[in-house]
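Engineer: Predicted structure and sequence below. I'll ask about it afterward.
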Amino acid sequence: MTNIKYVASQFNLVIKEDAGKVLIFNTFSGCVCTLEKDVFNSICNNIIDEKWPYFNDLISQGIIVLKEIDQVGMILQHENLAKFSNDKKNLSFVIAPTLKCNLRCYYCFESSQNDCKVMDEATMQDVLKFIENSFGQETESLRINWFGGEPLLAKDFITKFSKEIKKITDKHNVKYTSSMITNGVFLTKETAKNLKQIGELQSVQITLDGSKDEYCKRKGTTPVVFEKVIQNICDCADIVRISIRLNCDGSNYNDILNIVDDLFTNHHLTKKIGVYLAPITDYNGNGFDVCNNKEFSKLLIKFNQHLKTTYPDYPLKLDELNAKKCYCALKKCINYAIGPNGELYTCEHDFGVKEFIIGDVKNGEYFTDYHRKFLELKLSEKCKKCKLLPLCLGGCPSMRYNQKKDVCCITEPYVKYIILNKINKSN
Amino acid sequence: MEILIKAKPNFTSYAYPCSDDQCGDCKSQGADGCSTDATCYSD
């Protein structure tokens, strides 16, 4: 008997068709399965027979869903719950102790690199109080992500803050860890050791845009600085986990391979550091060259293949492709980015922009029009119809707000590449 | 029908997978955390 209670999931993505069979990945449930082509076609036409021996599997794996369910509505509702959740079990803050920076990356979204202010003692005490007051009975962990400017230009501040926050987390029996986004210039062995010991520093992200000449050109610096960063990476790789973000706009792709080879072959870091390709993004719509999403996803596939074949010892981890409940930590109301004056932002991309301040550590949230609009961003009709919506949720909300356009963060070819690799691995 | 990778447990539930401290994905992926643009990264 034909069952009209169920329809095909909107999120069944065909990975490949072969010998009368279709390989499907459901981007919401995470299921990967094969179906006979005629069965799949039948499902697509919502002709579903409950006598099929695998009928219950189709339901449990999310390939078919109750026809009453609004699948996009379900995703939006899940996202809302994550955004507005008051669950404080794991808290996360981004802190920029200064917006000053010693480098001048042409693509930087911040415009306050010359602002020499470092968070003062009184503001630090307010930040500590703000964080302590944000703890709930259920709080188990606190993570601070140090950001800037260049956070290590405020190294003494970070050391002092870390000692104080440790006292607070110890008092509340909360596990404290930190991470840092740094250009690596000041990350000496001694600094890394201290921050690990005093500040529970677990991981560091350092950006390299290519080998020496390209790096200097893109970051407005000198070869001495480049060499210092490489030396620091080598010196600190055994102390903290280092992820090298390789910023790519397409034109520097080959040079990025050179720097990876330098790190892995000449400096023997294959098993000690992680590398990942990241798109250069024009957050503020300044008009510089960037890779579009399709071009970037081709490079990403090429890069993964390159790592796999050239450095078989490198522990390459492929994306898990989990459905997102919330685009990022800062999209959640309980998490904030905190600037050097104790000002609160909803996103680190807003640092230094007065009209994007949504509160301060002394007075809390201002409940601004901007924050409300940011939280209430609507999905475009195109996104609502997209099979990749569960993996993307419309992309970075900050970019969506500023650029008023879709900013997809994943593509079908890339998803297909990952799934086929996973299948081959498990076989 | 052959299931090659099973659906995530309770994938329709509100609780899945936002039990971690970042974007809701990184830790469940075994990653270190979020990078600046919130792309999950791992070591």
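Structural biologist: That came in fine, so what should we check first?
Engineer: Let's verify the nearest residue to A:S111 once chain neighbours are set aside: helix, strand, or coil?
Structural biologist: Counting by Cβ to Cβ, 6 or more residues apart in numbering or on different chains, A:G352 is the residue found nearest to A:S111 once chain neighbours are left out, at 6.3 Å. C-beta coordinates here come from the backbone N, C-alpha and C atoms, glycine included. Per DSSP: H, G, I helix; E, B strand; the rest coil, the secondary structure class of A:G352 is coil.
Engineer: Quick check: A:D126 touching A:N341?
Structural biologist: No: here A:D126 does not reach A:N341: they are 9.9 Å apart, not a contact under Cβ atoms under 8 Å.
Engineer: which one of those two has more residues nearby?
Structural biologist: A count of neighbours by other Cβ atoms under 10 Å in any protein chain shown puts A:D126 above the other of A:D126 and A:N341, at 19 against 14.
Engineer: Okay, and the more buried one sits in which element?
Structural biologist: Assigned by DSSP states H and E, A:D126 belongs to helix A:121-134.
Engineer: again with A:K422
Structural biologist: Assigned by DSSP H and E, A:K422 belongs to helix A:412-426.
Engineer: and A:F186, what does it touch?
Structural biologist: Contacts of A:F186 were listed using Cβ atoms under 8 Å, 6 or more residues apart in numbering or on different chains, and they are A:150, A:152-153, A:155, A:232.
Engineer: Can you pick out the most distant pair from the residues you listed?
Structural biologist: When Cβ to Cβ is used, the two most widely separated members of the contacts of A:F186 are A:L153 and A:N232, lying 14.7 Å apart.
Engineer: Can you give me the neighbour number for the closest residue to A:E348 other than its chain neighbours?
Structural biologist: Nearest residue to A:E348, sequence neighbours excluded (Cβ to Cβ, 6+ apart): A:A337, at 4.5 Å. Counted by other Cβ under 10 Å, the residues lying close to A:A337 total 23.
Engineer: Just confirm A:A337 contacts A:F351, I think it does.
Structural biologist: Yes: contact criterion Cβ under 8 Å: A:A337 and A:F351 qualify, at 6.6 Å.
Engineer: Can you pull the residues that touch both of those two?
Structural biologist: Common neighbours of A:A337 and A:F351 (Cβ under 8 Å, 6+ apart) are A:96, A:147, A:345.
Engineer: so what's the first one scoring on pLDDT?
Structural biologist: pLDDT, A:A96: 96.
Engineer: Make sure it is actually in contact with A:A337.
Structural biologist: Yes: assessed by Cβ under 8 Å, A:A96 is found in contact with A:A337 at 7.1 Å.
Engineer: got any residues that touch both of the two?
Structural biologist: By Cβ under 8 Å, 6+ apart, A:A96 and A:A337 have these common neighbours: A:147, A:348, A:351.
Engineer: just curious, which of these is nearest to chain B?
Structural biologist: A:E348 (6.2 Å; Cβ to the nearest Cβ).
Engineer: can you count the residues close to that closest one?
Structural biologist: Close neighbours of A:E348, defined as other Cβ under 10 Å, add up to 26.
Engineer: That one is in contact with A:V94, isn't it?
Structural biologist: Yes: applying Cβ under 8 Å as the test, A:E348 and A:V94 come out as touching, 4.9 Å apart.
Engineer: intersection of neighbour lists for these two?
Structural biologist: Shared contacts of A:E348 and A:V94, defined by Cβ under 8 Å, 6+ apart, comprise A:147, A:330, A:337.
Engineer: Among the residues you listed, show me the least confident.
Structural biologist: For those, the model is least confident at A:L330; its pLDDT is 71.
Engineer: Tell me the secondary structure at it.
Structural biologist: helix.
Engineer: gap between it and A:T222?
Structural biologist: To A:T222, A:L330 is 34 Å away according to Cβ to Cβ, to the nearest Å.
Engineer: And these two? Which one has more around it.
Structural biologist: More crowded of A:L330 and A:T222, by other Cβ under 10 Å: A:L330, with 27 against 12.
Engineer: How much space separates that one from chain B?
Structural biologist: 7 Å (Cβ to the nearest Cβ, to the nearest Å).
Engineer: One more: A:I256?
Structural biologist: A:I256 is 16 Å from chain B, where distance means Cβ to the nearest Cβ.
Engineer: Backbone dihedrals for that residue, please?
Structural biologist: phi -60, psi -40 (degrees, to the nearest 10).
Engineer: domains for chain A, by residue range?
Structural biologist: What the record gives for chain A is the domain set A:2-69, A:72-427, from automatic domain parsing.
Engineer: now the longest one, how far from the chain's geometric center?
Structural biologist: Computed by Cα atoms, centre = their mean, to the nearest Å, the separation of domain A:72-427 from the middle of its chain amounts to 6 Å.
Engineer: Now do the buried residues in the helix or strand encompassing A:F161.
Structural biologist: In this structure, A:F161 is located in helix A:155-171 according to DSSP H and E. Neighbour-count burial for helix A:155-171, counted by 16 or more other Cβ atoms under 10 Å in any protein chain shown, picks out A:155, A:157-158, A:160-162, A:165, A:168-169.
Engineer: For the helix or strand that the helix holding A:D126 is followed by, name the packing helices and strands.
Structural biologist: Of the helices and strands lying after helix A:121-134 in sequence (DSSP H and E), the nearest is strand A:141-146. Applying 3 or more Cβ pairs under 8 Å, 6 or more residues apart in numbering or on different chains; DSSP states H and E, one finds that strand A:141-146 makes contact with strand A:90-95, helix A:155-171, strand A:175-182, strand B:33-34.
Engineer: Could I get those in JSON lines, plus columns for distance to A:S398?
Structural biologist: Below are the helices and strands packed on strand A:141-146 laid out as JSON lines (distance: least, Cβ to Cβ, whole Å):
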{"stretch": "strand A:90-95", "distance to A:S398": "13"}
{"stretch": "helix A:155-171", "distance to A:S398": "25"}
{"stretch": "strand A:175-182", "distance to A:S398": "15"}
{"stretch": "strand B:33-34", "distance to A:S398": "13"}
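Engineer: A:K425 is nearest to which of these?
Structural biologist: Across those, A:K425 has its closest neighbour in strand B:33-34 (24.3 Å, Cβ to Cβ).
Engineer: So what does the residue of the stretch 151-300 of chain A found nearest chain B have for phi and psi?
Structural biologist: Nearest residue of the stretch 151-300 of chain A to chain B: A:G274, at 4.1 Å (Cβ to the nearest Cβ). With angles defined as degrees, to the nearest 10, A:G274 sits at phi -110, psi 150.
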